Every structure is written in C-alpha cells, then in structure tokens.
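S.K.: Mind folding the following:
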Amino acid sequence: PSTGPTAPASAPASAPAFAPAGKGAGAAGGEASEELARLLGRARRPVFIAGRGARHARGELEELAGRVGALLATSAVAKGLFRGSPWDLDVSGGFATPLAAELIRGADLVVGWGCALNMWTTGHGELISPGTKVAKVDLDPGVFTAYAHADLGVAGDVAAVARSVTARVGEAAGYRSAGIARRIRAEGRWRDVPYDDESGGGRIDPRTLTIGLDDLLPHERIVAPDSGNFMGYPSMLMDVPDEFGFCFTQAFQSIGLGLATAIGAAVARPDRLPVAALGDGGALMGLADLETVVRLGLPMVIVVYDDEAYGAEVHHFGPHGHPLGTVTFPPVDFAAIARGHGLDAVTVTEPAGLEGVAAWLDGPRERPLLVHAKVTRGHASWWLEGAFRSH
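M.R.: You can find the predicted model right below:
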C-alpha cells in the first residue's frame with residue numbers, strides 16, 4: 001500500500017525571467033545573480049527554503065539571509081540544516097507548523113535553494129501566496145519549470161550563488177524582528193503547539209509518545225521514518241541535531257522501507273543512535289530485517305506505531321464507506337516477535353510505559369530495543385488530512 005496520494009507529474013510552467021545555462025559558479029557571476037540581488041533588495045519579507053542540494057551551504061545561506069533579513073526553512077529531506085538558528089522555521093510544506101505556514105504564506109519572496117519546491121514542500125501550492133515572487137537556485141535548470149512557477153531561475157552551485165549575491169546586496173531587516181524571533185522561540189516546533197492528549201483505553205497518543213521519546217533519547221541521533229499515517233509524528237516531534245540526523249525516503253511513496261533505511265543510516269554513522277520509526281503495516285513487511293539488526297550488533301531503537309491498520313487507507317477510504325477488511329489487522333505482539341529475534345522490547349500503552357525505554361538507555365544497551373507503542377487511532381494525522389484535502 002502507498003502512504004496515500006501520489007505526486008502527479010509536474011506540468012510545465014512558463015519560462016523564468018532568467019535561466020542561464022552556465023556551469024557551477026560561472027552562472028553565479030552574471031546577470032542572474034544581479035537579478036536575484038535586485039529581488040532580495042526589494043523584498044520586505046523574504047523566506048529561504050533549502051533542499052537536499054543546499055546541505056553543503058549552511059554558512060553561505062545564513063550569511064546571505066542575515067544580510068537581507070530572510071527567514072530560514074527546509075524541505076523535509078534537509079530537515080535540521082538550520083538547527084540552532086533563531087530564524088529557523090524547520091520544515092516547509094505539509095509538515096510545517098502553523099507558525100511556519102503562516103510566515104511562509106506571508107512572504108513576498110520565496111527562494112528555493114537546491115530545492116525544486118514540489119507539491120509537498122509548498123503544501124500543494126498553498127504556501128505560495130498570490131503575488132509572491134519565486135526564485136530557484138539549482139545546478140539543474142530543469143527544476144525552474146517544474147512544480148512551483150519560478151519568476152527567476154539561477155543555474156549554479158548553491159554556495160557559490162549565495163556568496164555572489166551576498167556581495168551584491170545591502171543590509172536590511174527584512175522579515176526579521178524581535179516579535180518574529182519571540183514567536184519562533186515560542187511556536188517554532190510542533191512540540192510547542194498545544195494539543196489535547198488523547199491517551200487512554202490502553203493506547204497512547206502518538207504525540208505524547210514521540211515527545212516523550214524526544215526527551216529521553218540522546219540528541220546525537222539519526223531518525224529514519226517509514227511512510228504512513230503516523231510518519232509526521234516522528235518526523236516533526238522528534239528533533240535532530242543537523243541535516244545529517246534525518247534520513248527520509250518518502251520519494252518511493254511506499255511503506256515498508258523504514259527499517260532498512262535505518263540500518264543503512266546506522267552503518268553509515270556509527271557515532272549516532274539510529275532510531276527507526278515504523279507503522280505496524282510497514283514493520284510487518286520488514287520483519288526479516290530484525291535479524292539483520294541483531295546480527296550487525298546495531299544499538300538501534302525501533303519504534304512501532306501500532307494502530308492495527310494501514311492508517312492512511314483507513315482514514316481516507318473509511319469515511320467514504322469503502323470496506324476496510326483488507327487494511328485492518330488483528331492484534332500483533334511486536335514485543336514478543338522482537339524478543340524472538342534477539343532484541344530487547346517494551347510495550348507502551350501509556351506515558352508511564354516509557355520508563356522501560358529509560359531503563360534500556362541507562363543500561364549496557366547490549367541488544368537493540370523495539371518499542372511496541374499501541375497508539376490512538378481515532379483520526380488521521382494533520383499532515384495526511386492536509387494531503388488528502390488537496391486531492
């Protein structure tokens with residue numbers, strides 16, 4: 001099963017005002033950089049959205065953003081790039097906090113840096129307000145006419161273009177003010193957004209679960225979420241230290257890849273605690289890799305968000321009266337299965353159940369840990385509701 005709606009093929013947009021075909025830094029030195037500098041000079045509320053192609057350019061982007069007063073956001077795959085900046089809005093798009101969505105919609109200029117500004121990153125286009133200018137900086141000019149329309153395309157390396165533009169602009173307050181900084185401190189993360197804890201009846205609210213795990217787990221971590229109704233909770237309520245702390249493979253639009261993703265991340269970065277976040281459907285698809293985790297001796301935490309269903313399908317098709325027998329499951333004892341493979345395991349049905357996770361963290365961690373979390377299931381997650389509203 002898929003996680004839900006599939007991205008449609010992008011429709012060609014009209015050509016941007018400038019799209020020089022130069023290579024690398026060469027394009028950064030010409031008319032396109034001048035035009036981007038002019039756009040930034042006129043902007044009063046600029047927002048930078050950085051993607052995978054900008055992960056090497058934090059310093060250059062922060063310097064330029066500081067010069068012109070831009071707020072900073074990322075696509076999902078670049079989550080963590082600006083962590084620690086007081087102007088970091090975290091992720092743009094369907095995962096955006098209410099504050100991030102408000103401020104991005106309020107921008108008069110959005111610049112995508114190594115970011116195609118696809119349907120997910122722009123919240124199905126809803127985060128780009130009418131009249132907002134859009135510029136894209138990328139090595140691949142093909143992104144200029146894909147997805148969100150670009151008024152300006154600058155072909156070149158993100159860091160080189162940012163340096164070139166920084167040398168051409170004056171200082172401005174832009175979108176930055178003491179009031180905006182206070183709001184970002186108070187509202188800038190999903191865990192800061194108030195909610196009614198729905199834990200009870202032998203099930204834990206996935207928000208409460210994830211915030212509890214975020215508090216317990218070491219900050220030096222790599223979070224690798226699978227896909228599904230649950231995926232927004234670990235993606236947005238579990239923080240990461242930097243752009244290398246989040247391993248996101250949703251381009252495949254398929255569940256069942258999360259555990260293998262986390263194993264790869266664990267092997268690549270043995271200095272960090274790998275955290276695999278899975279739905280119960282995806283976990284059942286990847287059970288064989290529990291043996292891989294044990295055999296490789298990976299000190300991994302595997303969290304199974306168990307709602308006894310393919311939640312995306314239940315919440316999308318159920319309200320329309322479709323039969324759900326093929327997308328709902330009988331109870332599965334994931335903790336017992338994990339122990340049978342040689343893992344430690346705890347079952348969490350209420351906040352107090354996280355004490356088992358704390359005990360494992362305080363111990364020798366000789367075996368990986370599986371957290372079987374029986375989560376509430378009364379409604380779709382916020383990101384899924386937004387995605388399905390757009391289809």
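
S.K.: contacts and neighbour counts: CA atoms only from here.
M.R.: Fine.

S.K.: where does the residue nearest to the spatial centre of the chain land on pLDDT?
M.R.: Centroid check for the chain by CA atoms, centre = their mean gives Ala76 as the closest residue, at 3.2 Å. Here, the pLDDT recorded for Ala76 equals 94.

S.K.: could you measure it against Ala160, distance?
M.R.: 23 Å (CA to CA, to the nearest Å).

S.K.: low-scoring stretches of the stretch 201-350 of the chain, by residue?
M.R.: Nowhere does the stretch 201-350 of the chain drop to pLDDT under 70.

S.K.: Which element, helix or strand, includes Ala277?
M.R.: According to DSSP states H and E, Ala277 maps onto strand 273-279.

S.K.: strand partners of that strand, parallel vs antiparallel please.
M.R.: Taking DSSP bridges as the criterion, strand 273-279 pairs within the sheet with strand 221-225 (parallel), strand 301-306 (parallel).

S.K.: can you list contacts of that strand?
M.R.: 218, 220-228, 230-231, 234, 258-259, 261-263, 265-266, 299-307 (CA atoms under 8 Å, 6 or more residues apart in numbering).

S.K.: give me phi/psi at Gly142?
M.R.: phi -60, psi -30 (degrees, to the nearest 10).

S.K.: Distance check, Ala359 against Val293.
M.R.: 20 Å.

S.K.: picking that back up, now for the strands paired with strand 273-279, which one comes closest to Gly53?
M.R.: When these are compared by CA to CA, strand 221-225 sits nearest Gly53, at 19.5 Å.

S.K.: Please parse the chain into its domains.
M.R.: Following the TED database, one finds the domains of the chain at 31-186, 195-388.

S.K.: Tell me which of those is the most buried.
M.R.: The highest mean neighbour count among the domains of the chain, using mean count of other CA atoms under 10 Å, belongs to domain 31-186: a mean of 22.

S.K.: Show me how far that domain is from its chain's centre.
M.R.: 16 Å (CA atoms, centre = their mean, to the nearest Å).

S.K.: how long is it from one end to the other?
M.R.: End-to-end distance for domain 31-186: 40 Å, by CA to CA.

S.K.: Could you pull up the residues touching Pro130?
M.R.: Counting by CA under 8 Å, 6+ apart, Pro130 has no contacts.

S.K.: now the strands: where do they sit in this structure?
M.R.: Taking DSSP state E, the strands of the chain run over residues 46-50, 71-74, 88-91, 109-113, 133-138, 152-155, 221-225, 273-279, 301-306, 344-348, 369-374.

S.K.: Just the endpoints, please. Distance across stretch 295-310?
M.R.: For stretch 295-310, the end-to-end distance is 29 Å (CA to CA).

S.K.: Name the residues that touch it?
M.R.: Against stretch 295-310 from outside (CA under 8 Å, 6+ apart): 1, 206, 228-230, 259, 263, 266, 273-281, 283, 293, 327-332, 334, 365-377.

S.K.: what's the answer for stretch 257-266, then?
M.R.: Taking CA under 8 Å, 6+ apart as the rule, stretch 257-266 contacts 222-227, 247, 249, 272-278, 282-283, 286, 289, 293, 298, 300, 302.

S.K.: Let's see that with 7 Å instead.
M.R.: Defining contact as CA atoms under 7 Å, 6 or more residues apart in numbering, one finds that stretch 257-266 is touched by 224-226, 274-278, 286, 289, 293.

S.K.: what ranges do the helices span in the stretch 101-250 of the chain?
M.R.: Under the criterion DSSP state H, counting those that start in this stretch, the stretch 101-250 of the chain contains helices at 158-166, 178-187, 206-216, 232-237.
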